[in-house]
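Enquirer: All I have is the shape, not the residue letters:
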DNA sequence: GACCAGGCACATC
DNA sequence: GATGTGCATGGT
């Protein structure tokens, strides 16, 4: 039932042919990517953009500056992204970690190796596996494959994973098979999100699904 | 007005 | 260990 490398790469090819390169992550700096990764938890990206625009407007899209805001002020600025109270708290947890350990420098942070960084990030309140891996791959250019709800749904609809598979199972499914290639990891996840927004919601064969025929399902 | 969106922590059994 | 629930805005 788990896919072969060939199957995984065929899925990638199909999605890329449909959508083209997605140019992820949408963000001008590694820090903006980190902030976006927390703000987009269970939230539409359009809403995150509004929140980030507010931070830019105030000229405080900077780890030290953001940490200097009161929690209430921070929450009011990120309001459009939803869950603004919890996310203000989560952002502050991350900012505290980032400033205390790396002086708010993504370049310094990136010098550490992947396993250590992943462990550190997962220890920060409000950062789970998807957020940690998004920061690692898209902000710090580490070789880690990002899994999300779409990934599971798409694989499951196409008979390529079990319904009960967890985050780590699915991550291993990809990383044990496809080349260790950061641009490929980047694009593959982005294409899964693009596909998942409109397809594979209920059946593997919606009329316009770019993955029709994948894994030779009837 | 229901439903969904690029999750996560915490309570409870 | 599995399951349920709160968190909240904005678009369709």
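Expert: Sure, I can see it. Bear in mind that the values here come from a model prediction, so they are computed numbers and not experimental data.
Enquirer: Tell me the residues on chain A that lie near DNA strand C, please.
Expert: A:42-44, A:46-47, A:50, A:79-80, A:82-87 (Cβ under 7 Å from any atom of the strand). Where C-beta positions appear, they are placed from N, C-alpha and C, glycine not excepted.
Enquirer: again, 6 Å this time
Expert: Residues of chain A that fall close to DNA strand C, judged by Cβ under 6 Å from any atom of the strand: A:42-44, A:46-47, A:79-80, A:82-86.
Enquirer: between those, which is nearest residue A:28?
Expert: Of all these, residue A:28 sits closest to residue A:46, with 17.4 Å by Cβ to Cβ.
Enquirer: how far away is the closest one from residue A:26?
Expert: 11 Å (Cβ to Cβ, to the nearest Å).
Enquirer: The two - which one has more neighbours?
Expert: Comparing residue A:46 with residue A:26 by other Cβ atoms under 10 Å, the one with more neighbours is residue A:26, at 15 against 9.
Enquirer: Got phi/psi on that one?
Expert: Phi and psi for residue A:26, reported as degrees, to the nearest 10, are phi -70, psi 100.
Enquirer: That one reaches residue A:45, doesn't it?
Expert: Yes - using Cβ atoms under 8 Å, residue A:26 is in contact with residue A:45, at 7.4 Å.
Enquirer: helices or strands up against the helix or strand of chain A with the lowest mean pLDDT?
Expert: Ranked by mean pLDDT, DSSP states H and E, the weakest helix or strand in chain A is helix A:149-157, scoring a mean of 94. Contacts defined by 3 or more Cβ pairs under 8 Å, 6 or more residues apart in numbering; DSSP states H and E place helix A:149-157 against helix A:167-175, helix A:182-198.
Enquirer: just those: most buried one?
Expert: The highest mean neighbour count among the helices and strands packed on helix A:149-157, using mean count of other Cβ atoms under 10 Å, belongs to helix A:182-198: a mean of 19.
Enquirer: if we can go back for a sec, spatially, which two of the residues of chain A next to DNA strand C are the most separated?
Expert: A:46 and A:85, at 20.5 Å, using Cβ to Cβ across those.
Enquirer: what's the closest of the helices and strands packed on helix A:149-157 to residue A:126?
Expert: helix A:167-175 (16.3 Å).
Enquirer: list the helices and strands that closest one packs on?
Expert: Using 3+ Cβ pairs under 8 Å, 6+ apart, helix A:167-175 is in contact with helix A:129-134, helix A:149-157.
Enquirer: Can you give me the first-to-last residue distance of stretch A:171-185?
Expert: 11 Å (Cα to Cα, to the nearest Å).
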